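Enquirer: turn this into a structure:
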Amino acid sequence: MSVTLRPLGNRVVIKPIEDEGKTSGGIFLPDNAKEKPQKGAVLAVGPGERDESGKRIPLDVAEGDTVLFAKYSGTEVKLDGEKLLIMRESDLLAIVAES
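Expert: Numbers count the residues shown, from 1 in each chain. The predicted model follows:
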């Protein structure tokens, strides 16, 4: 059975993108020496918060965007053996534009 997450309000579901674990000098790092990822792919986006009049304010990110986020932000959940992060849009720092 497959489970789908649908975030509420201004929250997003992010799949962290792990670094390959190799330094620029070619040294491979063990898992316990790696830093927490700060880059991820947006898997799902909530409908947005409501303003004072009750209208939805849409989010600036969309599914499929690659984003940067603060190192220890969000709540980590494990779904179908996969680590995911659920965080507010305000915890996102930037959208990565591939050139």
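Enquirer: and the nearest residue to residue 65 once chain neighbours are set aside, what element?
Expert: Of all residues not flanking residue 65 in the chain, residue 42 sits nearest, at 4.6 Å (Cβ to Cβ, 6 or more residues apart in numbering). Where you see a C-beta, it was placed from the backbone N, CA and C, and this is true even at glycine. Secondary structure from DSSP states H and E places residue 42 in strand 39-45.
Enquirer: give me the contacts around that strand.
Expert: 4-7, 12-17, 59, 61-69, 84-85, 96 (Cβ atoms under 8 Å, 6 or more residues apart in numbering).
Enquirer: where in this structure is pLDDT low?
Expert: Within the chain, the segments meeting pLDDT under 70 span 1-2, 19-24, 28-37.
Enquirer: all helices of it, in order?
Expert: Using DSSP state H, no helices are assigned anywhere in the chain.
Enquirer: tell me the residue furthest from the middle of it?
Expert: In the chain, the residue that sits farthest from the middle, by Cα atoms, centre = their mean, is residue 53; the gap is 29.3 Å.
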